[in-house]
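[1] can you look at this prediction? I've put the sequence above it.
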Amino acid sequence: MSTTSKTLPIPEATLLKLAAETPTPFHVYDEAGIRRNAQALIKAFSWAPGFREYFAVKATPNPHILKILFEEGCGMDCSSLAELILSERIGAGPEDIMFTSNNTPAHEYQKAKDLGAIINLDDLTHIEYLRDEVGLPELISCRYNPGPLSEGSAIIGKPTEAKFGFSREQLIEGYAKLKENGVQRFGLHAMIVSNELSEDALVANARMLFELAIEIHKKTSVAVEMVNLGGGIGVAYKPEDTPVDLESFGSKVKGAYEEVIVGSALDGLKVMMENGRCMTGPFGVLVTKAIHTKHTYRDYLGVDASMANLMRPGMYGSYHHITVLGKSGEPSVGKFDVVGSLCENNDKFAVQRDLPKVEMGDYLAIHDAGAHGHSMGFNYNGKLRSPEYLLKEDGTLQMIRRGETLDDLFATLEF
Ligand SMILES: *Cc1c(COP(=O)(O)O)cnc(C)c1O
């Protein structure tokens, strides 16, 4: 049996050269790929009034990456103070930021309001909280949770069990209340799907929001001016997965928009998205070195990265493809668990994965690590966050975040 193949965004030779010159593990991102993909998404929705993608900063919170997306016309979708400040620092101004948070403390609302961010409220009670703590801005959006009306997804969970958003009844009450309190401009948001590869599911989500905007208008006479479809466009992590065809997805959403919105009282409704994963995920690679093999009841391949560099496999059981650099296409010599060094048995990048013959010192490229990879890093077991590199459009490599040192790790301690 041969190992299955999947194309890396960055040539193997480039990754091998960097690995030979600099300590592993590290993440490296492909600027050209990120730009091309952002342009494709924006083009696919060029029919939509006021379309804008607000990049979910949490996916890859590095200012160099944010700047690239900002230059392509994306706004920034934030959910915390740090993400707001990162966005401010790259130059995002009023309405360049979507603030989709939950369980939000007053000082974070204050910062969002100061920056002129579009605030997406997560709960009915936050109307009074925001009004009393910070004051209501002119424009407010509300986050919808469809509860039993939607099945949700493995990552976000069932909407009835998800902590996010207003129930349907609360949403109607909420818009009426916002209006009474002097709010003049309104948005509607939902984030129900995640890592979704089915165009039909993504389009159904859009249609549901268009219909809901109409219902809100009928029941409260509030005319929502923008609908934010959330993020959730999936990544083809497995070799057999088919990526979402952005052009086809955009044109199907256009179909739903024409049926539901065009000619209605809400004609001209603006459409937004706040994708993270699909914007950077496929364009980032985690490079790590093979340091041990072990044979007990299974075969293990130990690498110098751990779940602290990419926690998706350990946290969600997610598949990430692995290419042994220089050995792609070689036949499998058996099934291995590819493991890090944390004292946790879920610290595995792959379980029972077919791999070619790996020598100690070989480099492995873990695919699709450009979103929710480095950003979910943590310091358990005293692991240090690894550096990040950018392969620029001109072919040069730039370090865009240095690796943490033990001094960084110990900086908050008193000895
Ligand atoms: C995580 C998140 C996103 C981005 O989701 P992706 O699956 O990365 O596209 C967008 N909006 C909200 C509110 C989120 O929590």
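    Ah, there it is. Numbers count the residues shown, from 1 in each chain.

[2] ok, the residue of the stretch 1-150 of the chain found nearest the ligand - contacts?
    Per C-beta to the nearest ligand atom, residue 56 is where the stretch 1-150 of the chain lies closest to the ligand, at 3.4 Å. Every residue, glycine included, has its C-beta placed from N, CA and C. Residue 56 makes contact with 77, 231, 274-277, 279, according to C-beta atoms under 8 Å, 6 or more residues apart in numbering.

[3] at 10 Å what do you get?
    By C-beta atoms under 10 Å, 6 or more residues apart in numbering, residue 56 lies in contact with 76-79, 83, 98, 100, 191, 230-232, 273-280, 371-372, 375.

[4] ok, now residue 135?
    Neighbours of residue 135 in contact, by C-beta under 10 Å, 6+ apart: 109-110, 113, 182.

[5] can you confirm whether stretch 119-133 lies near the ligand?
    No - applying C-beta under 6 Å from any ligand atom, one finds stretch 119-133 separated from the ligand by no less than 7.5 Å.

[6] show me which positions of that stretch end up buried.
    119-124, 126-127, 129-130 (16 or more other C-beta atoms under 10 Å).

[7] how about stretch 293-304?
    Buried-residue list, stretch 293-304, by 16+ other C-beta under 10 Å: 301-304.

[8] returning to what we had before: show me which of the contacts of residue 135 are buried.
    109, 113.

[9] turn the contacts of residue 135 into TSV, columns for pLDDT, distance to the ligand and secondary structure.
    Listed next are the contacts of residue 135 as TSV, based on pLDDT from 0 to 100; distance: C-beta to the nearest ligand atom, whole Å; DSSP: H, G, I helix; E, B strand; the rest coil:
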residue	pLDDT	distance to the ligand	secondary structure
109	98	16	helix
110	98	20	helix
113	98	18	helix
182	96	26	coil
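
[10] ok, so of the contacts of residue 135, who is nearest residue 237?
    Nearest to residue 237 among those is residue 109, at 35.2 Å by C-beta to C-beta.

[11] ok, the closest one - contacts?
    81, 99, 101, 117, 119, 121, 126, 129-130, 133-135, 137.

[12] next step: the residues you listed restricted to helices.
    Among the contacts of residue 109, the ones falling in helices (DSSP state H) are 81, 126, 129-130, 133.

[13] dump the residues you listed into a markdown table; add pLDDT and distance to residue 149 as well.
    Shown next, in a markdown table, are those (pLDDT from 0 to 100; distance: C-beta to C-beta, whole Å):
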| residue | pLDDT | distance to residue 149 |
| --- | --- | --- |
| 81 | 98 | 33 |
| 126 | 98 | 22 |
| 129 | 98 | 27 |
| 130 | 98 | 27 |
| 133 | 98 | 32 |
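
[14] can I get these in CSV including distance to residue 10?
    Conversion of these to CSV gives the following (distance: C-beta to C-beta, whole Å):
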residue, distance to residue 10
81, 33
126, 43
129, 46
130, 44
133, 46
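
[15] out of these, the closest to residue 381 would be?
    Nearest member of the ones in helices among the contacts of residue 109 to residue 381, counting by C-beta to C-beta, is residue 81, at 27.4 Å.

[16] how much space between the closest one and residue 350?
    Residue 81 sits at a distance of 36 Å from residue 350 (criterion: C-beta to C-beta, to the nearest Å).

[17] run a quick neighbour tally on whatever residue of the stretch 251-400 of the chain ends up closest to the ligand.
    Closest approach of the stretch 251-400 of the chain to the ligand (C-beta to the nearest ligand atom) occurs at residue 276, with a separation of 2.9 Å. Residue 276 has 23 neighbours, counted by other C-beta atoms under 10 Å.

[18] that one and residue 375 touch, don't they?
    Yes - applying C-beta atoms under 10 Å as the test, residue 276 and residue 375 come out as touching, 9.1 Å apart.

[19] overlap of the contact sets of these two?
    56-61.

[20] including pLDDT, distance to residue 217 and secondary structure, could the residues you listed go into TSV?
    As requested, the shared contacts of residue 276 and residue 375 are exported to TSV (pLDDT from 0 to 100; distance: C-beta to C-beta, whole Å; DSSP: H, G, I helix; E, B strand; the rest coil):
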residue	pLDDT	distance to residue 217	secondary structure
56	98	28	strand
57	98	31	helix
58	98	32	helix
59	98	33	helix
60	98	37	coil
61	98	36	coil
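
[21] in what helix or strand does residue 255 lie?
    helix 246-260 (DSSP states H and E).

[22] ditto for residue 336
    strand 334-339.

[23] what domains does the record give for this protein?
    In terms of domains, the chain is parsed into 12-28+281-410, 31-280 (source: automatic domain parsing).

[24] need those in JSON lines with distance to residue 5, can you?
    Shown next, in JSON lines, are the domains of the chain (distance: least, C-beta to C-beta, whole Å):
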{"stretch": "domain 12-28+281-410", "distance to residue 5": "6"}
{"stretch": "domain 31-280", "distance to residue 5": "7"}
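
[25] out of these, nearest to residue 4?
    The nearest among the domains of the chain, by C-beta to C-beta, is domain 31-280 at 4.5 Å.

[26] show me how far that closest one is from its chain's centre.
    13 Å (C-alpha atoms, centre = their mean, to the nearest Å).

[27] interface residues of the stretch 151-300 of the chain facing the ligand?
    191, 194-195, 230-232, 274-277.
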